[in-house]
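Below are the sequence and a predicted model; questions follow.
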Amino acid sequence: MIHTKIRYILLAFSLIAPSLYSFIPSEPFPAGEITSAPGEYQPNPNRSNITRDIDVVMSNLEGIDADVNFVGHTGDNFMQFYVPAADGYINSIDFHFSDLAEYSGGGLQVQIFESNYDWPEINTSEIADDPDYSFLGYYEEEDWVVDIEGSNWIFGGINETEDAIADKIYDPLGEQVWPSNGFGELSLEPNDEDEGWFNFDLLASNGTAYEFTRDVPFIVVVKLTGFPSGQYCDHTYDPTDYLMGFYSARRFIEPQPCLKFYDLCCTRGGCIAGWFIRSYIWDWDVNVTLTGDRGPVISNWTQLDVTLDHGPRTVTADIFDDNPAGGTFGVASAQLLYSIDGSEYVAAAMTENDTAWIADIPGQTSGHVDYYFSATDINDLTTTTPPFGYDIFVPGAPTLVVFNGGEVSGYPYAYYFGVGDYSTYQAADFPHDVWATQIQAALATEYSTIYEFSDPFDGPDDDNRDVIRAWLAEGDKNYFLAGDEMFGFWTGWEDQDYVVGDFEYDVLGINHIYNNISESSDSDTDIEAVAGNILTGGLYSAHNALGDTLVYNPVYEVGGLNGLDGFDPINAAEVNMTLLDGSIAIGLNREVAGDKIVFMGFDPISINARPYTWWGFDSLSPQTQSLLWFGILDELVDIDDVASVPSDFKLPQNYPNPFNPTTTIPFELPKTTDITIGIYDVRGRSMWTLEESAKPAGNYSLEWNGVNQNGKELPSGVYLISFSTPEFRAVQKAVLIR
């Protein structure tokens, strides 16, 4: 068996593998494409003063706040899928913008299409945002001219999903139905708030409204216009000056109503184009007049969060019926439907209580609960809400890892303790539970160690401070707090002093905070570990031995913000991280009354180096080293010391990357199988191929010296490494520099 140890160094091109399908990279979405939206989120003020009468507003965001800024660039198309509950026609559409271009001239083009979307063999909510399977494809003319319409369809990764039809064209758009040809236009001029509602009047724009039929879906498509195209490609301008973004919110429903068409967008992962299914829903209000009856209206329903309570939970919803076209109306019945751990849904009748309808979800000892509401009127028309879900949490480990407002799996959350595909050690094996909302007092008492990582878009929960202070008072606890933009949410992004009695002084050990000391919003900030410190001394020695400079850049690493905070410590001897010149502390570790506490005014997973090395999830990263200091682990076990057959097929990133003259290609086989390894250029042409039959299970690597099958040296450029077996396919990107 050939076994090659994968080093702790990762290169900028290698964070996530590219896709095999049409050679679109598997991290296609631009860094910073999805950010926190500014301001407060309120209903559309245009509803009361638009030029056309409306009966109802069609929206896929009922019940949730749109608080995400989802941006695009000239040439990008956004689509949203709607299913009308009654016959009617569209008067106008209100678009809620969270980001406007910095210059005049921007705008959008509006079209409405019949729907070829969704498809019975595809579960769109399962593949939404997946860099491979959510990619539908695009129409391509010569010289990489891409469009939403055409004759030469380029297939996407969706055709490789388990139940997909291999040769089916998964084009979501049917015939254009409004206007009859061309498009409507709307100007988007900048304003001081860099946001706002913009009303598009169909009749004023093109002389006609759009008539729809109950239960027959339609798609609204918007194309951004007016500025240089080629987002993140070679350019002589700042692309952020021309970005335009919609207020949005993430929601997994079937089908996912929103897709984005990228118009040849070049990112750090490569160039992408085409339709991608997204889990984010744009805040567009379609203002309509109804000409037929609809089912009951369900609104203001209860949305339950994760709970420690094992008892029944009461839910309510406002339900009423009307008939805009005239005639009889009234609610005949309403039901709550719930499912435990994916079992069949159980119906419970709801009872009317004043304006609300009410029912209980029975208590459960543990597990996951999904639920939704359904109501039927006296004309036998039924309305259902999207499903919602919550977990009944049962503590089961001595350590709790908290992601305030963030996901609990996937990238980057799964990487905080080296559990990603590139990990060379087993820090992830320590017993721990994961939590993603406010820390409750009853929850904290179950643990001896709490790690709290703040979401840069939401900030830490204010109430957690009181819970943590009381929990630490029990003694012999370990507490780790870290996050980008953390103090900005607490102080309104102002420097601030702290004194005895303040959580920051008593627990964290600081008496002054310096907000947002980063170099800029999207550049590296030079930082340094402290030599000899129990958490960061090893990092100091290792990176200095390489001759590199530590830098902090969460925009690059996790697509977040860049709000590095510094502070004055009560005890300078406790500092473990500083700015490069040592002028301002950014991290510390301390022992107080038997408790061990670590505080970092930044996101530790976003530590890298110049030249590029990703230290943020390395075994020497401060959060990983804290596992040793807290006594959670006795040692970090290197994978080389663990004799085991791989559990899965894998194609880790080749290394080094970029390379000259050779690079190592590792791969893993959990069983004996046939393998094929191929090298392709970015146009999909085969350069080099290796085939082996009945390769035994194990960890392998091979070297490629940048030549084609005939031994001829290939020029500098990007090449794609394809690894396939009868059961598995994966691709990595290799960058050859001559």
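Okay, I see it. Numbers count the residues shown, from 1 in each chain.

now the closest residue to D147 other than its chain neighbours: how far from V297?
Nearest residue to D147, sequence neighbours excluded (C-beta to C-beta, 6 or more residues apart in numbering): Y139, at 5.0 Å. Quick note: C-beta positions are derived from backbone N, CA and C, even for glycine. Y139 sits 39 Å away from V297, going by C-beta to C-beta, to the nearest Å.

contacting residues around I64?
Contact analysis of I64 by C-beta atoms under 8 Å, 6 or more residues apart in numbering lists A249, R251, Q303.

Report how many residues lie close to the closest residue to K671 other than its chain neighbours.
For K671, ignoring the flanking residues on the chain, the nearest one in space by C-beta to C-beta, 6+ apart is A697 at 5.0 Å. A697 has 14 neighbours, counted by other C-beta atoms under 10 Å.

Help me confirm that A697 comes into contact with F667.
No. A697 is not in contact with F667 according to C-beta atoms under 8 Å; the separation is 11.6 Å.

still on that earlier bit, count the neighbours of the residue nearest to D147 for me.
18.

In a helix, it, correct?
No. If the criterion is DSSP: H, G, I helix; E, B strand; the rest coil, then Y139 is strand and not within a helix.

Any figure for the gap between it and E114?
With distances taken as C-beta to C-beta, Y139 is found 17 Å from E114.

With W435 instead?
W435 is 45 Å from E114, by C-beta to C-beta.

And the helices in the stretch 51-200 of the chain?
When secondary structure is read from DSSP state H, counting those that start in this stretch, the stretch 51-200 of the chain shows helices at 124-127.

that older thread, run through the bridge partners of the residue nearest to D147.
D147, W153 (DSSP bridges).

Was I right to think it contacts F155?
No. The pair Y139 / F155 is not scored as a contact, 11.3 Å apart, by C-beta under 8 Å.

about what we covered before: show me which of the contacts of I64 are buried.
A249, R251 (16 or more other C-beta atoms under 10 Å).

Now go through the contacts of I64 and say which are in strands.
Among those, the residues falling in strands (DSSP state E) are A249.

Quick check: of the contacts of I64, which lies closest to T124?
Here the nearest of the contacts of I64 to T124, counting by C-beta to C-beta, is R251; it sits at 12.1 Å.

count of neighbours near the residue lying closest to that closest one once chain neighbours are set aside?
Excluding the flanking residues, the one nearest R251 by C-beta to C-beta, 6+ apart is I281, at 5.4 Å. Using other C-beta under 10 Å, I281 is surrounded by 25 other residues.

Tell me the bridge partners for I281.
A249.

can you give me the helices in this protein?
With DSSP state H, the ranges of helices along the chain come out as 124-127, 202-206, 441-444, 464-472, 486-491, 503, 537-546, 554-558, 622-629.

what residues does the third one touch?
By C-beta under 8 Å, 6+ apart, the surrounding residues in contact with helix 441-444 are L308, F393, P395, L400, W435, I450, V467, I468, A470, W471.

TSV for those residues, including neighbour count?
TSV is the format used below for the contacts of helix 441-444 (neighbours: other C-beta atoms under 10 Å):
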residue	neighbour count
L308	12
F393	18
P395	15
L400	20
W435	23
I450	23
V467	19
I468	22
A470	12
W471	21
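
Farthest pair within these?
The most widely separated members of the contacts of helix 441-444, counting by C-beta to C-beta, are F393 and A470 (19.7 Å).

Report the contact partners of A332.
T376, D377, I378, D380.

hmm, 7 Å instead?
Applying C-beta atoms under 7 Å, 6 or more residues apart in numbering, we find A332 in contact with T376, D377, I378.

Measure how buried T664 is and give me the count.
18.

How much space separates the residue nearest to it when sequence neighbours are not counted from A585?
Spatial nearest neighbour of T664, chain neighbours left out: S701 (5.2 Å); criterion: C-beta to C-beta, 6+ apart. As judged by C-beta to C-beta, S701 and A585 stand 42 Å apart.

and the two? which has more neighbours close in?
More crowded of S701 and A585, by other C-beta under 10 Å: A585, with 22 against 17.

List the residues that contact that one.
By C-beta under 7 Å, 6+ apart, the residues touching A585 are G566, F567, P569, V575, T578.

Most neighbours out of the residues you listed, which is it?
F567 (27 neighbours).

measure L188 to A585 for me?
L188 is 44 Å from A585, by C-beta to C-beta.

Same check on A375?
Per C-beta to C-beta, A375 is found 58 Å from A585.

count of neighbours near S205?
The local packing count at S205 equals 16, with neighbours defined by other C-beta under 10 Å.

you'd agree it is up against F183?
No. Because the distance of 9.0 Å does not satisfy C-beta atoms under 7 Å, S205 is recorded as not touching F183.

Give the residue spans of the stretch 1-150 of the chain that score low on pLDDT.
Residues of the stretch 1-150 of the chain that meet the criterion pLDDT under 70 lie in 1-28, 31-32, 36, 38-43, 45-52, 143-144.

next one: the stretch 601-738 of the chain
Applying pLDDT under 70 to the stretch 601-738 of the chain picks out residues 637-645, 683, 738.

switch the cut-off to 50
Scanning the stretch 601-738 of the chain for pLDDT under 50 picks out 639-643.
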